[in-house]
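Student: Structure of the sequence below:
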Amino acid sequence: MDRLFLGRYSRLIFLGDSSSDNGNVLRMTCGTSPLPDSVYWQGRYSNGKTWADRLEDMSGTTAINLAYGCATIDNNLAAGTVLMPSGVREEVPSAMDQVDKLDALVAELKPSELVFLQIGANDLESFIDTSFVHRKCEFTTHLLAERLVKLVERLCKDLGARNVVVMNVRSREDYPSVLAHKDPQKVEMTRKITASLNAEIRSGIATLQAALGSTYHIMVFDTYAFQKKIIQDPVAYGTDPDTRTPSYTGIPTDGSPVVLNNPDTKLFLDGAHMTARVHALLAADVLKALALAAMDIRNNNK
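Tutor: As a prediction, the model looks like this:
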């Protein structure tokens with residue numbers, strides 16, 4: 001059934017950050033990050049296949065994956081960086097840069113191709129911590145959403161995309177790395193800016209969809225609600241009720257990590273990234289949302 005449904009799309013395309021990265025940062029850093037021979041599986045920021053990997057498997061076709069861990073929306077605002085073997089931190093391609101890469105790869109996207117965009121979390125990280133995200137100017141969530149919507153508009157108008165799924169930002173206020181600051185003001189600010197960015201994205205995409213018309217299909221998937229429902233009822237989703245404690249104490253470049261818990265039981269693998277089990281749940285929910293959206297389109301066309 002999954003393959004049958006995704007088979008309507010000739011190819012899947014993934015743009016974004018560490019939640020979608022299938023090894024691009026690992027290749028960029030010559031195999032040094034995320035830390036190999038640890039809990040990170042084959043360059044993923046997870047202990048197994050990501051939601052993007054699983055959808056690619058279900059589709060039965062080879063996807064284009066241009067997502068990079070630590071990526072932001074636009075490096076002119078804030079740029080995510082990774083540690084290179086030389087010891088120097090280098091900027092990773094932003095979502096804007098990834099669209100440039102896609103433009104160079106394909107002359108024009110086919111109407112039957114499906115583009116996923118998952119970005120924004122690292123931009124928000126720069127409001128509370130700039131250790132790996134270089135904040136180049138002051139900006140608001142409104143400006144971030146504006147840039148993201150412009151990016152989607154370019155995908156549609158300039159590259160020919162007809163089917164786009166925008167994944168909004170997960171509940172960053174629940175990240176173990178945010179809670180580790182032990183600063184209620186930072187946690188509350190993170191909650192507010194995450195909610196603000198997600199609301200701005202939904203509004204901006206709705207306006208863009210109305211302007212483009214019914215031959216374009218742009219969906220916002222509520223990744224925020226997805227993570228919240230697991231945190232609010234972890235037992236129902238087979239995860240440890242202690243959602244604040246990750247499986248792993250390290251970060252993707254930490255040379256002395258400690259595995260605290262079985263990843264199969266946890267929501268978070270580390271301070272920010274999901275375990276493979278939760279990625280599987282996300283893939284299933286994305287597929288359901290796509291099927292419901294397709295049903296709505298059919299009903300509206302009757």
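
Student: For residue 146, the count of nearby residues, please.
Tutor: For residue 146, the number of neighbouring residues by other CB atoms under 10 Å comes to 17. The C-beta positions use only the backbone N, C-alpha and C, and glycine is treated the same way.

Student: Kindly provide the distance from it to residue 203.
Tutor: Distance, residue 146 to residue 203, by CB to CB, to the nearest Å: 11 Å.

Student: Strands along the protein, start to end?
Tutor: 11-16, 64-65, 78-83, 89-91, 113-118, 133-135, 163-167, 217-221 (DSSP state E).

Student: Residue 142: which of those is closest?
Tutor: Residue 142 lies closest to strand 78-83 among the strands of the chain, at 14.7 Å (CB to CB).

Student: Just the mean pLDDT for that closest one, thanks.
Tutor: Averaging pLDDT along strand 78-83 gives 98.

Student: can you give me how far it is from the chain middle?
Tutor: Mean-position distance between strand 78-83 and its chain equals 16 Å (CA atoms, centre = their mean, to the nearest Å).

Student: One more: stretch 15-27?
Tutor: Chain-centre distance of stretch 15-27: 9 Å, with CA atoms, centre = their mean.

Student: likewise stretch 95-106?
Tutor: 17 Å.

Student: Contacts for it, please.
Tutor: For stretch 95-106, the external contacting residues (CB atoms under 8 Å, 6 or more residues apart in numbering) are 13, 15-16, 64, 66-68, 71-76, 93, 117, 119, 147-148, 151, 154-155, 158-159.

Student: which strands and helices sit next to the longest helix along the chain?
Tutor: Criterion DSSP state H: the longest helix present in the chain is helix 184-212. Helices and strands touching helix 184-212, as assessed by 3 or more CB pairs under 8 Å, 6 or more residues apart in numbering; DSSP states H and E, comprise helix 121-125, helix 141-157, helix 176-179, strand 217-221, helix 223-232.

Student: go again using 7 Å as the cut-off
Tutor: Contacts defined by 3 or more CB pairs under 7 Å, 6 or more residues apart in numbering; DSSP states H and E place helix 184-212 against helix 121-125, helix 141-157, helix 176-179, strand 217-221.

Student: So which bits of that helix are buried?
Tutor: 186-187, 189-190, 193-198, 200-201, 204-205, 208-209, 212 (16 or more other CB atoms under 10 Å).

Student: Go through the helices and strands packed on helix 184-212 and name the closest to residue 232.
Tutor: Nearest to residue 232, of all those, is helix 176-179, at 16.0 Å by CB to CB.

Student: For that closest one, buried residues please.
Tutor: Neighbour-count burial for helix 176-179 flags 176-179 (criterion: 16+ other CB under 10 Å).

Student: Can I get that helix as PDB, trimmed to CA atoms?
Tutor: What follows is helix 176-179, C-alpha atoms only, in PDB (Å, rounded to 0.1, in the frame of the first residue of the first chain):
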ATOM      1  CA  PRO A 176      17.100  17.800  26.000                       C
ATOM      2  CA  SER A 177      19.800  20.300  24.800                       C
ATOM      3  CA  VAL A 178      17.400  23.200  25.400                       C
ATOM      4  CA  LEU A 179      16.400  21.900  28.800                       C
END
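
Student: That one - contacts with which helices or strands?
Tutor: helix 184-212.

Student: Could you pull up the mean pLDDT of the helix it packs on?
Tutor: On average, helix 184-212 scores 98.

Student: show me what contacts the residue nearest to residue 200 when sequence neighbours are not counted?
Tutor: Using CB to CB, 6 or more residues apart in numbering and skipping the chain neighbours, the partner closest in space to residue 200 is residue 145 (3.4 Å). If you count contacts by CB atoms under 7 Å, 6 or more residues apart in numbering, residue 145 has them with 197, 200-201, 204.
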